[in-house]
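J.: I'd like to go over a predicted model; first the sequence, then the structure.
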Amino acid sequence: MPVTNFSFPDKYQYLNGFGSYHESEAIPDTLPIGANSPQRPNHGLYAEKLSGTSFTAPRSENLQTWVYRILPSAAHLPFELDTSYETPKTLHQIPRQLRWDPFDLDDKADWVHSLKQLGGVGSPATKTGLGIFIYAAGASMPPQQAFHSSDGDMLVVVQHGVLDIQTELGHLLVRPNEIAVLPRGIKYRVDLPSGPSRGYILELHAGHFKLPELGPIGSNGLANARDFQAPVACFDDAEYAPGSWTVFNKYDNQMFSATQSHTPFDVVGWHGLYYPYKYDLGRFNTIGSTSFDHPDPSIFTVLTNPTADFVIFPPRWLVQEDTFRPPWYHRNTMSEFMGLVMGEYDAKTGGGFRAAGASLHNVMSAHGPDADAHEKASAADLKPVKVGEGSMAFMFESPLMIGVTDWALELCRKVQPKYNAESWVPLKRHFKRPE
Ligand SMILES: O=C(O)Cc1cc(O)ccc1O
Ligand SMILES: [Fe+2]
């Protein structure tokens, strides 16, 4: 069910719609009429254009936003390398199935310093591939700090704790079981109104997410466009001491920072198609088999991109007759990185896949239900059952091999050495040759 148990103040109003041309102004008459860059924009603002695609991208792909702000983004001192941030040196490409115990919450690090790269492929510099990160933040970003990634759009899956994200275009309050997409270049700062927060991030080095085609499903279903929420314009017009703002920039997976004398959160109005948004996974309209067989998990695709799909396993009724209902055993040309926001995943009932943990089944790495899940599902009475009640597993699925970092393999100390031994090696032989 949708996340509802939270009251929120006016700044968390949203514009509804995925891929909609939105406009928002915090003061009337901010947006120019019939033009984008008048000689003197209203209220003494500067006009600035933010491009998320090349200028010549086809209309159906083109994502740009005009912002009307108190000072342009360019007014800052040079970016310098922040040597305290560790850039992973190697992405190890290994076929081994991997599973991680829950990642620790960190009560000290802020958003910027809690980002840990677990895996990835390709390079932000050539705009190929993706990065997978875990964040575990225990502190709000210090006042007068902001962050943006030049490496790609970040899809954030909140597993624990609430993120109060102040972006250039307005505020997003993102709670567990919700996701946010923070596009390349858009500046934001992250506060933690309810204490530590932890989650998973998929960063696309190329392109942007779209809603999947619905084909024979028809015109509604899965993640519906109107349930995606973009912020409304909200600005800060305070004047700050010279050099008192720090802006962090993740650039080719290195961290840089620059100082400036004004807030980046000074956008009084904006219009366009390039904006951050959030989505409550509880609003997903799940479709499934009402006859027999286990369908491909593509029916659970929330957002898609040629580099990676974001897929969820929401609570749902299983009614199939004469069917082994959990996922089949399989080998896949795609790589499958999975996480668990809460509850239990129906393919892994043996206890090893836990909320805040993760697994990675790379290209052609064999996997499927663990021995416990197999035993239960083969013996189950096939009456209608609701699976995944109070649960939300998800998958970042990519055609690319996902390399893993030293942090993922060693330093985080969460790899389960007995993953294969406990999950699939115990599977029993049931074969009986007919007499
Ligand atoms: O491996 C997994 O658990 C993910 C998955 C789920 C499913 O229902 C079908 C295929 C698949 O890879
Ligand atoms: Fe799989």
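T.: Thanks, I have it. Ligands and ions are numbered 1, 2, ... in the order given.
J.: what about the longest helix seen in the chain and ligand 1, any contact?
T.: Criterion DSSP state H: the longest helix present in the chain is helix 371-379. No - Helix 371-379 is not in contact with ligand 1 by CB under 6 Å from any ligand atom; minimum separation 9.8 Å. For the C-beta atoms, the positions are set from N, CA and C on the backbone; glycine is no exception.
J.: quick check: mean pLDDT across that helix?
T.: For helix 371-379, the mean per-residue pLDDT is 95.
J.: and if you look at stretch 403-416?
T.: Throughout stretch 403-416, pLDDT has a mean value of 98.
J.: contacts for it?
T.: Residues outside stretch 403-416 that contact it (CB atoms under 8 Å, 6 or more residues apart in numbering): 86, 88-94, 98-103, 116-121, 134, 352, 357, 360, 422.
J.: Now the buried members of those residues.
T.: With burial judged by 16 or more other CB atoms under 10 Å, the buried subset of the contacts of stretch 403-416 is 88, 91, 98-103, 116-121, 134, 352, 357, 360, 422.
J.: in stretch 59-75, what counts as buried?
T.: Neighbour-count burial for stretch 59-75, counted by 16+ other CB under 10 Å, picks out 62-71, 73.
J.: Not counting its own residues, what contacts it?
T.: So stretch 59-75 is contacted by 25, 30-32, 36-37, 41-43, 45-53, 57, 168-169, 183, 187, 208, 235, 237, 260-262, 264, 266-275 (CB under 8 Å, 6+ apart).
J.: which residue ranges form the helices in the chain?
T.: Using DSSP H, helices in the chain cover 111-114, 371-379, 406, 419-423.
J.: Including distance to residue 13, could these go into a markdown table?
T.: Shown next, in a markdown table, are those (distance: least, CB to CB, whole Å):
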| stretch | distance to residue 13 |
| --- | --- |
| helix 111-114 | 23 |
| helix 371-379 | 43 |
| helix 406 | 43 |
| helix 419-423 | 45 |
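J.: Can you tell me which of the ones you listed is packed in deepest?
T.: Ranked by mean neighbour count under mean count of other CB atoms under 10 Å, the helices of the chain are led by helix 111-114, which reaches a mean of 21.
J.: Run the chain-centre distance for that one.
T.: Chain-centre distance of helix 111-114: 16 Å, with CA atoms, centre = their mean, to the nearest Å.
J.: on contacts alone, who are the packing partners of it?
T.: Helix 111-114 sits against strand 128-137, strand 145-149, with contacts defined as 3 or more CB pairs under 8 Å, 6 or more residues apart in numbering; DSSP states H and E.
J.: and the residue of the stretch 251-400 of the chain nearest ligand 1?
T.: At 3.5 Å from ligand 1, residue 327 is the closest residue in the stretch 251-400 of the chain, using CB to the nearest ligand atom.
J.: ok, the closest residue in space to that residue that isn't next to it in sequence - contacts?
T.: In this structure, residue 327 finds its nearest non-sequential neighbour in residue 347, 4.9 Å apart by CB to CB, 6 or more residues apart in numbering. Neighbour list for residue 347: 326-327, 368-370, 373 [criterion: CB under 8 Å, 6+ apart].
J.: Now, of the residues you listed, which are buried?
T.: For the contacts of residue 347, a burial check counting by 16+ other CB under 10 Å picks out 326-327, 368-370, 373.
J.: Name the residues of the stretch 151-300 of the chain found near ligand 1, please.
T.: Contacts of the stretch 151-300 of the chain with ligand 1, taken as CB under 6 Å from any ligand atom, map to residue 297.
J.: For the stretch 301-435 of the chain, which residues are neighbours of ligand 1?
T.: Applying CB under 6 Å from any ligand atom, we find that the stretch 301-435 of the chain lies next to ligand 1 at 327, 330, 332, 336, 347, 367, 395.
J.: Among these, which lie within strands?
T.: Applying DSSP state E to those, the entries found in strands are 336, 395.
J.: Pull out the buried members of the residues of the stretch 301-435 of the chain next to ligand 1.
T.: When those are checked for burial by 16+ other CB under 10 Å, the buried set is 327, 332, 336, 347, 367, 395.
J.: Rank those residues by pLDDT and give me only the lowest.
T.: residue 347 (85).
J.: Quick check, pLDDT for the residue in the stretch 1-150 of the chain that ligand 1 sits nearest to.
T.: The stretch 1-150 of the chain approaches ligand 1 most closely through residue 97 (10.2 Å), counting by CB to the nearest ligand atom. We have a pLDDT of 98 for residue 97.
J.: With residue 25 as the reference, measure out to it.
T.: 51 Å (CB to CB, to the nearest Å).
J.: OK, contacts around residue 399?
T.: Residue 399 sits next to 306-307, 333-335 when contact means CB under 8 Å, 6+ apart.
J.: okay if I get these as JSON lines plus neighbour count, distance to residue 192 and pLDDT?
T.: Shown next, in JSON lines, are the contacts of residue 399 (neighbours: other CB atoms under 10 Å; distance: CB to CB, whole Å; pLDDT from 0 to 100):
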{"residue": "306", "neighbour count": "12", "distance to residue 192": "34", "pLDDT": "98"}
{"residue": "307", "neighbour count": "23", "distance to residue 192": "30", "pLDDT": "98"}
{"residue": "333", "neighbour count": "7", "distance to residue 192": "39", "pLDDT": "98"}
{"residue": "334", "neighbour count": "17", "distance to residue 192": "34", "pLDDT": "98"}
{"residue": "335", "neighbour count": "24", "distance to residue 192": "31", "pLDDT": "98"}
